[in-house]
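Sequence first, then the predicted structure, then my questions.
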Amino acid sequence: MTCKINADTSDGLKLISDTSGSIDLQSNGNTDVSFASNALNIKSGTTLTVDSGATIANSGTATGFGVVHQITSASDATLYAVGITNSTSDHAGSIAYTITPAATAHKVLIHFTIPQVKLANANHGGLRVRLYRDIGGAGYAHVTGVAGTASSNKQASLFGNYDVNGDANRSSTTITGTIIDTPNTTSQVSYKFYFGSGDGSTTVFVNRTANDADSAFTSRTRTHVTLMAVTV
């Protein structure tokens, strides 16, 4: 037996029993909300409004829409001078940015901005930037899923092929973007940005110019990264 609770505009509150097996909340005969066995349905055309000051707390599983489960953020003002040893080597040029997903299904959304990256030598080009990941202290490895496709001698990178662009008082490029990684773990996940140069041995400067001159035209910057554990 089911009870329909109807706020009728003519006769006031009505309680109507039927055999549909649910409890329906109605307004003028139209069902807005329906309760059945282990289910609550907000009917099509009905708006569920959460008033100011109210809180929705979820201890279960949310499905059918994107959910942000955790956010971590950090910034790095270290003035890196990253020594590149050869054309295929990658070297860390950032601190570790970490997050610990609560479920293996959680993806990691990564927002990042590296305001200044500079190659040291005008004779060198092919600057590349790669994202490296460590899961549970197992060691850093290139996250190939966010890089391009390597072919023969051509490198797979997150960003690539920037040259010097001016003298040593200038920065070559600003690197910024949003990517999604799938670490498939509930262990701590740490990310670092690594740098390399396709032309071989050189130095890459991060958050600074090559000269880092004591002058008003010299800026020192800070790398910003925000990590979000999400389901999509």
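Thanks, I have the structure now. This structure is a prediction, so every number in the text was calculated from the model and none was measured. Residues are numbered from 1 along each chain as shown.

which stretches of the protein aren't confidently modelled?
Low-confidence segments of the chain (pLDDT under 70): 1-21, 62-65, 122-124, 163-166, 171.

one more time with 50
Residue ranges of the chain with pLDDT under 50: 1.

Pull up the pairing partners for the longest strand along it, direction included.
Using DSSP state E to define each element, the chain has its longest strand at strand 107-119. With DSSP bridges as the test, strand 107-119 is paired with strand 173-181 (antiparallel), strand 202-206 (antiparallel), strand 223-231 (antiparallel).

of those, which approaches residue 38 most closely?
Within the strands paired with strand 107-119, the stretch nearest residue 38 is strand 223-231; the backing value is 21.9 Å (Cβ to Cβ). C-beta here means a position set from N, CA and C on the backbone, and glycine is covered the same way.

Please save the CA atoms from that closest one in PDB.
C-alpha atoms of strand 223-231 as PDB (Å, rounded to 0.1, in the frame of the first residue of the first chain):
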ATOM      1  CA  THR A 223      55.700  27.900  -9.700                       C
ATOM      2  CA  HIS A 224      52.100  27.100  -8.700                       C
ATOM      3  CA  VAL A 225      50.400  23.700  -8.700                       C
ATOM      4  CA  THR A 226      46.900  22.600  -7.600                       C
ATOM      5  CA  LEU A 227      46.000  18.900  -7.400                       C
ATOM      6  CA  MET A 228      42.400  17.700  -7.200                       C
ATOM      7  CA  ALA A 229      41.300  14.100  -6.600                       C
ATOM      8  CA  VAL A 230      38.100  13.800  -8.700                       C
ATOM      9  CA  THR A 231      35.700  11.400 -10.300                       C
END
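
Just the residues contacting that strand, thanks.
Here strand 223-231 makes contact (Cβ atoms under 8 Å, 6 or more residues apart in numbering) with 62, 66-77, 94, 97-99, 101-102, 105-115, 180, 191, 193, 206-207.

do the same with stretch 157-173
For stretch 157-173, contacts defined as Cβ under 8 Å, 6+ apart pick out 115-122, 124-131, 146-148, 175, 179, 198, 209-211, 213, 215, 217-218.

at 7 Å instead, please
The contact list for stretch 157-173, computed with Cβ atoms under 7 Å, 6 or more residues apart in numbering, reads 116-119, 122, 125-131, 146-148, 175, 209-211, 213, 217-218.

Now the longest strand of the chain: buried residues?
By neighbour count on 16 or more other Cβ atoms under 10 Å, the buried set for strand 107-119 is 107, 108, 109, 110, 112, 114, 115, 116, 117, 118, 119.

That one: what's the following helix or strand?
Using DSSP states H and E, the next helix or strand after strand 107-119 towards the C-terminus is strand 127-135.

Name the next helix or strand downstream of that next one, please.
Using DSSP H and E, the helix or strand that follows strand 127-135 towards the C-terminus is strand 141-142.

Could you name the helices and strands sitting against that following strand?
Applying 3 or more Cβ pairs under 7 Å, 6 or more residues apart in numbering; DSSP states H and E, we find strand 141-142 packed against strand 127-135.

Sweet, I'm off.
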